[in-house]
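> Fold the stuff below for me.
(chains A and B)
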Amino acid sequence: GAGVSQSPSNKVTEKGKDVELRCDPISGHTALYWYRQSLGQGLEFLIYFQGNSAPDKSGLPSDRFSAERTGGSVSTLTIQRTQQEDSAVYLCASSLRLAGGGTDTQYFGPGTRLTVL
Amino acid sequence: GQNIDQPTEMTATEGAIVQINCTYQTSGFNGLFWYQQHAGEAPTFLSYNVLDGLEEKGRFSSFLSRSKGYSYLLLKELQMKDSASYLCAVRDPMRWTGGFKTIFGAGTRLFVKA
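Residues are numbered from 1 along each chain as shown, chains lettered A, B, ... in the order given. You can find the predicted model right below:
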């Protein structure tokens, strides 16, 4: 596909369960970002991958959150022991990440709406 | 600390002009973005400013003053479809990794009325 894809589009889970959210970035994009957006709120940065460099995990809200990116492409965000406050839309974005920055436009996927009951 | 401020909501009339302001305080600066987000959809890129001045793109223009930590998005000839949230975002270099982090404001919800 031409754009960023995410799966599932919706996920309903029970408190305490683990969930995995998947992101397929645009082919050739070296940078990948995860954000969280609660209802009516802005985007909260979670984690950033750039090529083979160590990811910037500074936005992860707790140690229940982790993410990996395999082969520099697909990424999985894992939330362990989910809590009700984890309910939000989780957005993934990718960018070409040109040397020196440049426009470096982020292209967003449609998001995964997570509901923790 | 990192802080990006923009008004929560604005209302304007179809055919009019509206200016959405954004002020920022970040540890570093490597560009400012404006994104549009319709309800229930992902954000889409509108504009990018890295140097002071005005960037014009059709009905949309974006202005940046780095010395004032200030930007605005100007929308002309408003249409009903422009009703959306407008997100201001600043790219902050991460000196210890050589990468960049994009910090988003909470967004301004624009309502266009007939």
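> Residue B:71 sits in which helix or strand?
Residue B:71 belongs to strand B:70-75 when assigned by DSSP states H and E.
> Quickly check: that strand near chain A or not.
No. Strand B:70-75 is not in contact with chain A by CB under 8 Å from any CB of the partner chain; minimum separation 14.9 Å. Where you see a C-beta, it was placed from the backbone N, CA and C, and this is true even at glycine.
> and that strand, what does it pack onto?
strand B:18-25, strand B:32-37, strand B:44-49, strand B:60-65, strand B:84-94 (3 or more CB pairs under 8 Å, 6 or more residues apart in numbering or on different chains; DSSP states H and E).
> Out of the ones you listed, flag the one nearest residue A:65.
Nearest to residue A:65, of all the helices and strands packed on strand B:70-75, is strand B:84-94, at 19.0 Å by CB to CB.
> same for that closest one, what does it pack against?
strand B:3-5, strand B:18-25, strand B:32-37, strand B:70-75, strand B:99-104, strand B:108-113.
> Now do that strand: everything it contacts.
A:42-43, A:56, A:101, A:104, B:2, B:4, B:6, B:20, B:22, B:24, B:26-39, B:43, B:46, B:71, B:73, B:99-105, B:107-110 (CB atoms under 8 Å, 6 or more residues apart in numbering or on different chains).
> now swap in stretch A:81-89 and tell me
Counting by CB under 8 Å, 6+ apart, A:13-19, A:36-39, A:64, A:79, A:111-117 sit against stretch A:81-89.
> What average pLDDT does that stretch get?
Across stretch A:81-89, pLDDT averages out at 96.
> re earlier: from the helices and strands packed on strand B:84-94, which stretch is densest packed?
Stretch with highest mean neighbour count among these: strand B:32-37 (a mean of 23; mean count of other CB atoms under 10 Å in any protein chain shown).
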